[in-house]
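> quick one, structure for this:
(2 chains)
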Amino acid sequence: MFLFALGYSRFLSYQSDAADKIGKKQKLSEFASALATLSVHKLKYSAQLTNSTTARRAWPEAGSAMARLYDYLSQPLSKFESAKHFPLPLLDGDDTSHLSMLLAQLWQTAGYGDELKEAITVTVMRDDFIQTGAAPEAYTRNKSGNLRITVSLTIIHSETFSTTLDFNYSCPVRIATAHVPVLSKYNLYIENARLNSGEYDAGYNQVSVDSFGNFADTRSKARALVLNNDGNLNLPVKLEFRNFVEDARGLVYLGGDASIFLNLARSDAVALNSESGEGFQFFRRLNFDGLYPVYDGNSAENGRMLISFLDQGVSDDTDERNLSFYRRIESGFFGVKQVQEGRLRYSSIFRLFGVQARPSPTLVQGNILSQYLTIAIMKRDDGRPGRPLYLDNLSYSAPMLPDAYYYNCINLPEYTDLQTAFGLDNSLDSYKQYVTRYSSRVNHRPYNQGLGFMHTQTNPDAVALFPESDLLNRFVTSSAHDATHKVPGVFAEIYPDAADLKMMSAFAKGFADEAMASYHIDNSEEPDAMKLLKQQGLLSQNRLVADGWVRFSSATTINRRLEYMSSAGIVVENGDLTIEAPVAPAGFRDDCLLYLVALNGNVVFKTPPDAKVQAAVIAFSETTDHGRVVFIAPPAELRGALAMKKLVRNSSEAETFQGTSLVYFPALAVKPAGSDGVSQDAQLLTFSFGQQPQEIR
Amino acid sequence: MKPVYLRNISRDFLLMLPLILLLAAVQANAVELNVARQGEVKNVPLQAPYNGCLIVREGPGMDSPVKGHVVNGDTVTIEATSGSWYKISSPLSGYVWSSYVTVTENQTVDTNTMTKPLDLGTIVNNANPETRDQKLPERQQLLEKNRVIEIDIDQEIAP
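The predicted model follows:
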């Protein structure tokens, strides 16, 4: 009986010990789970919450354990080791107080003291990851996979005896770049910029400037889209094509199957900071004399004669300072026709190379020509005026008989020098030669020719600075050559099947890739993006903590100020993406960028006039009905880049176009990986971690 | 009867009169195009590589040697423009990138003429294109290349 009682007692004691052990282990497991959750929240939020004036983006404090993990995860997958361990102390470096408070509360609730210690380790295993992204060979940092989190709890029984238990978890992570291969290299990309099917496409010329080169809002409704192509890096014009491709500079593409004529805006020597003028695209000496000789001949009476040209932009100002230029053009047959048709009063809605106050050189691709006034004068070799001082286009009044007309024109006494020096007579051929070579007229040239004078404005032969052996020379001397529409340089290798820029769909993989998205939101019943983001826990006090790409299924509107904590993207699959408020990075995150993408719709701006938007914008559609960026009420500045199928559909829309300042985000110009396999797109990486750890048993 | 020398003076004066009037007219029309203006250095980034300093160079180009620097708030005298560069004469002479200089006042402009845009006549009268009459064939060729649309002149001038 005694033995039985002893045995039963020992059985009860064993049961009690076992229950105690199970209870303790259960408690430790729950404690470990809580620590794992805290670890995931640290991974997910601490970088976003770091306010670093040096990092300027969502990045852990330099030197911290998290920073080492981020650096490792930023690498291309090919650089990963088979397994790499990272200690993750929950209170590390300049950690945020909220985490330390949570940890203290957790410790207190669990009732543990010095007898328990925790150690958390994150393990990155190469086989747990796959490479993602639209062009993984070119931009090699995108990937998704799982992190392994080990929470080790050590129970200290005595100074010499302790027990350690490991609890294992996993956490999904998606690392994607807010960058779109090829298109991101363009500050402005328009798949089809043509407004009509005719040969002379000049419908963009709608913006009024005064004689100083300042915008005159009383005479036209249209406002220009002013480009700053290097994000204020002030990159100079260099003479080789590769510089434009490799510099942190946004290119311009205005696609279409024939020439587009863009009138350059007048600006004047006395208005050095004109906000709309484009006089910097013309030859000017330091004393503002812009005449360059083109033809010479010998006059029997006055010796050597020079015919020089002077180029000037267009203005619809009615003061004498402006009209004095137009008189030289209008008096001729072609000139009066072109001026009367209104082609030469208004400047274009584009300032592709910036404005007089801030020139911004880049390479313009597409069959684009700049158009302007060319005034011809004739002087003797010693600088004294010849006869005539200006070479007017001779007036023509039908129904004068042609022969009599030519005779009267060429034989006017004031043209004596012209005749003798340049071998003209009263024949039709002479008249043709006079009109097409020597007279004042409307002129045009490849748009990129302005780069020569942006390099050295004081050199009348600045265009000749570009070596003939270099591809850039072809862009400067022609607007239609075999490289006009080609994807340039190293960017041509990103999509081997997309050799040219003509079809935006060739690059659609870069922005339509569903695998890049971290969140999918079905919003067919609710267009308010802010409301939905808040419901998803991605928005807190108008601050977006998406840390990745968010896809909405239907049209949506950003109707309140949106500040993003890290680089990210908002994609609308069907319908318009409407922006009604400022969109900007949160404080100390100036190096972050948000992508705004409409896959089958338009991106519509209806912002307050003083709003600033820092975002790259893509409007795409498989059909021609959509894919536009519409500026109903544009922001004061758009910092990022623009890519679209079409900007305006016809000259009527151009007439009321409301432009803005488009400032390129230089990080978007990142080149694809070279032979080392490492692309330099780390700045725009987004780290999207799962919300909860998953226990691995 | 006037002495001969006075008659000669009167005759010479009459002969000189058109020239004097012409010179006076030229003087009246003369415009100092290379006019100085005031500007203020603004918005030079405080971060690297600027560190708040706007470099003054010997010539209008990034490759030109550095002469010194000006900082935000400095007033500079602009003598001329050269592309995206201003030629300045004070506080030190050289060229600066124009984006960070805002023209403030036309304090040094001498005449009202210079507060208004230049008309064609003023520019042409002060121009001396004969100093750059080299490379004429190359320029002609460039202009020919620019003519991308062939004008059907026969149709255009037909009555």
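> how is chain B divided into domains?
What automatic domain parsing lists as the domains of chain B is B:1-28, B:37-112.
> could you tell me the least trusted of those domains?
Sorting the domains of chain B by mean pLDDT places domain B:1-28 lowest, at a mean of 46.
> what's the mean pLDDT across stretch A:272-283?
90.
> in this structure A:Ala682 contacts A:Pro76, no?
No: counting by Cβ atoms under 8 Å, A:Ala682 stays clear of A:Pro76, with 10.6 Å between them. (C-beta placed from N, C-alpha, C; glycine too.)
> return the helix or strand where A:Leu532 lies as CSV; C-alpha atoms alone will do.
In this assignment (DSSP states H and E), A:Leu532 forms part of helix A:529-535. Extracted as CSV, the C-alpha positions of helix A:529-535 are listed here (Å, rounded to 0.1, in the frame of the first residue of the first chain):
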residue,chain,number,x,y,z
ALA,A,529,-8.0,55.8,-53.2
MET,A,530,-7.2,57.4,-49.9
LYS,A,531,-10.1,55.7,-48.2
LEU,A,532,-9.1,52.3,-49.6
LEU,A,533,-5.5,52.7,-48.7
LYS,A,534,-6.4,53.5,-45.2
GLN,A,535,-8.7,50.5,-44.9
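> quick one: name whatever helix or strand follows it.
strand A:539-540.
> partners of that following strand in the sheet?
strand A:543-544 (antiparallel) (DSSP bridges).
> which strands or helices does whatever helix or strand comes next after the strand it pairs with pack on?
As assigned by DSSP H and E, the chain's next helix or strand after strand A:543-544 is strand A:549-552. The contact analysis (3 or more Cβ pairs under 8 Å, 6 or more residues apart in numbering or on different chains; DSSP states H and E) places strand A:549-552 against strand A:517-521, helix A:529-535, strand A:568-572.
> I'd like the distance from the longest one to the chain centre, please.
So that's helix A:529-535. 27 Å (Cα atoms, centre = their mean, to the nearest Å).
> try the last one
Its chain's C-alpha centre and that of strand A:568-572 lie 15 Å apart, by Cα atoms, centre = their mean.
> what is that strand packed up against?
Strand A:568-572 is packed against strand A:549-552, strand A:556-558, strand A:594-598, with contacts defined by 3+ Cβ pairs under 8 Å, 6+ apart.
> export only the CA atoms of the strand of greatest length in chain B, formatted as CSV.
In chain B, taking DSSP state E as the definition, the longest strand is strand B:75-82. What follows is strand B:75-82, C-alpha atoms only, in CSV (Å, rounded to 0.1, in the frame of the first residue of the first chain):
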residue,chain,number,x,y,z
THR,B,75,25.3,90.5,-55.6
VAL,B,76,27.1,90.1,-58.9
THR,B,77,27.4,92.5,-61.8
ILE,B,78,26.5,90.8,-65.0
GLU,B,79,28.3,92.0,-68.1
ALA,B,80,27.0,89.6,-70.7
THR,B,81,25.4,86.3,-71.3
SER,B,82,27.0,83.3,-73.0
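> residue contacts, B:Gly59?
By Cβ atoms under 8 Å, 6 or more residues apart in numbering or on different chains, the residues touching B:Gly59 are B:Tyr95.
> could the helices and strands packed on strand A:568-572 go into JSON lines alongside mean pLDDT and mean neighbour count?
Shown next, in JSON lines, are the helices and strands packed on strand A:568-572 (pLDDT from 0 to 100; neighbours: other Cβ atoms under 10 Å in any protein chain shown):
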{"stretch": "strand A:549-552", "mean pLDDT": "94", "mean neighbour count": "24"}
{"stretch": "strand A:556-558", "mean pLDDT": "95", "mean neighbour count": "23"}
{"stretch": "strand A:594-598", "mean pLDDT": "97", "mean neighbour count": "25"}
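> including distance to A:Gly279, could those go into a markdown table?
Listed next are the helices and strands packed on strand A:568-572 as a markdown table, based on distance: least, Cβ to Cβ, whole Å:
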| stretch | distance to A:Gly279 |
| --- | --- |
| strand A:549-552 | 43 |
| strand A:556-558 | 39 |
| strand A:594-598 | 35 |
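> tell me which of the ones you listed sits nearest to A:Gln419.
strand A:594-598 (62.6 Å; Cβ to Cβ).
> buried residues in the next helix or strand after that closest one?
Using DSSP H and E, the helix or strand that follows strand A:594-598 in sequence is strand A:603-606. Of the residues in strand A:603-606, A:Val603, A:Val604, A:Phe605, A:Lys606 count as buried by neighbour count, 16 or more other Cβ atoms under 10 Å in any protein chain shown.
> quick one: which of those residues is nearest chain B?
Nearest to chain B among those: A:Phe605, at 25.5 Å, using Cβ to the nearest Cβ.
> please name the bridge partners of that closest one.
A:Ile579, A:Phe631.
> the longest strand seen in chain A vs strand A:517-521, what angle?
Longest among the strand segments of chain A by residue count, using DSSP E, is strand A:162-177. Per axes from the mean of the first three to the mean of the last three Cα atoms, to 10 degrees, the angle that strand A:162-177 makes with strand A:517-521 is 80 degrees.
> show me where the stretch 401-550 of chain A has helices.
Applying DSSP state H, counting those that start in this stretch to the stretch 401-550 of chain A gives helices spanning A:402-410, A:416-422, A:428-433, A:450-455, A:471-477, A:508-512, A:529-535.
> most tightly surrounded among these?
helix A:450-455 (a mean of 24; mean count of other Cβ atoms under 10 Å in any protein chain shown).
> and the average pLDDT for that helix is what?
On average, helix A:450-455 scores 93.
> so what touches it?
A:236-237, A:239, A:264, A:278, A:280-284, A:353, A:359, A:361, A:370, A:459, A:462-466, A:476, B:83-84.
> put the alpha carbons of stretch A:184-202 into PDB.
C-alpha atoms of stretch A:184-202 as PDB (Å, rounded to 0.1, in the frame of the first residue of the first chain):
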ATOM      1  CA  SER A 184      12.400  55.900 -67.200                       C
ATOM      2  CA  LYS A 185      15.300  57.200 -69.300                       C
ATOM      3  CA  TYR A 186      12.900  59.700 -70.900                       C
ATOM      4  CA  ASN A 187      11.800  62.900 -69.200                       C
ATOM      5  CA  LEU A 188       9.000  63.100 -71.800                       C
ATOM      6  CA  TYR A 189       7.900  60.200 -74.000                       C
ATOM      7  CA  ILE A 190       4.900  60.500 -76.300                       C
ATOM      8  CA  GLU A 191       4.300  57.500 -78.500                       C
ATOM      9  CA  ASN A 192       2.500  59.400 -81.200                       C
ATOM     10  CA  ALA A 193       3.000  63.200 -81.000                       C
ATOM     11  CA  ARG A 194       1.400  63.900 -84.400                       C
ATOM     12  CA  LEU A 195      -1.700  66.000 -84.400                       C
ATOM     13  CA  ASN A 196      -2.800  65.400 -88.000                       C
ATOM     14  CA  SER A 197      -1.900  63.400 -91.000                       C
ATOM     15  CA  GLY A 198      -0.700  66.300 -93.200                       C
ATOM     16  CA  GLU A 199       2.900  67.100 -94.100                       C
ATOM     17  CA  TYR A 200       3.000  70.300 -92.100                       C
ATOM     18  CA  ASP A 201       2.200  69.500 -88.500                       C
ATOM     19  CA  ALA A 202       2.400  72.700 -86.600                       C
END
